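A.B. asks: from the sequence below, what's the structure:
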Amino acid sequence: MLKMRLQRVGRKNDPSYRVVVIDSRSGPKSGNNVDNLGSYSAKSNVFSIDGERAKDWIKKGVQVSPTVHNLLITNKIIEGKKINVLPKKSPIIDEEKLKAEAEAKAAAEAAAKAEAEAATTPAEETAPIEETPTSEEESKEETPAT
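C.D. replies: Got it, this is the predicted structure:
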């Protein structure tokens, strides 16, 4: 069975990886790579891969390691949900979900604030209605008094 996985090539304290397709029975450092698809630099967070070849290998049935799967999703080469590669106590953080939750929370707070303001401000008091002058008063105003 073939797997798409990371092969470490970086020196000490400078992790760099190759994205390779390799037989699952051999170790990643054996050098028996079927195909070299790209690279990933963990320190600078630079991921470069030939997306078309990666999709082609996936269509052919290559198993993708969880970390490579998450990198492919992050760089929008494939679509789907990320896989939690962390221990059970530290769940994966989905940035889009957090952003949507924050926006919903802010909207709810704004609505509650507007509702509270509407409840605390007294209803607009109606101004006293001014009486309209009668026709006699109008005629007195219009004609100068002599």
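
A.B. asks: from now on I want contacts and neighbour counts done on CA atoms only, so please keep to that.
C.D. replies: Will do.

A.B. asks: how about the closest residue to Asp50 other than its chain neighbours, secondary structure?
C.D. replies: Spatial nearest neighbour of Asp50, excluding adjacent residues (C-alpha to C-alpha, 6 or more residues apart in numbering): Leu37 at 5.8 Å. With DSSP: H, G, I helix; E, B strand; the rest coil as the basis, Leu37 sits in strand.

A.B. asks: just checking: what are the partner strands of the helix or strand where Val20 lies?
C.D. replies: Secondary-structure element containing Val20, defined by DSSP states H and E: strand 16-23. Taking DSSP bridges as the criterion, strand 16-23 forms sheet pairs with strand 2-8 (antiparallel), strand 33-41 (antiparallel).

A.B. asks: what's the residue positioned nearest the centre of the chain sitting at in phi/psi?
C.D. replies: In the chain, the residue lying closest to the centroid (C-alpha atoms, centre = their mean) is Glu96, at 2.2 Å. Backbone geometry at Glu96, expressed as degrees, to the nearest 10, gives phi -70, psi -40.

A.B. asks: against Asn84, how distant is it?
C.D. replies: From Glu96 across to Asn84, the span is 15 Å (C-alpha to C-alpha, to the nearest Å).

A.B. asks: do the same with Leu71
C.D. replies: From Leu71 over to Asn84 (counting by C-alpha to C-alpha), the distance is 12 Å.

A.B. asks: tell me which of those two has more neighbours.
C.D. replies: Comparing Leu71 with Asn84 by other C-alpha atoms under 10 Å, the one with more neighbours is Leu71, at 17 against 14.

A.B. asks: name all residues that make contact with the more buried one.
C.D. replies: Residues near Leu71 by C-alpha atoms under 8 Å, 6 or more residues apart in numbering: Phe47.

A.B. asks: in three-state terms, label it for me.
C.D. replies: Assignment for Leu71 (three-state DSSP): helix.
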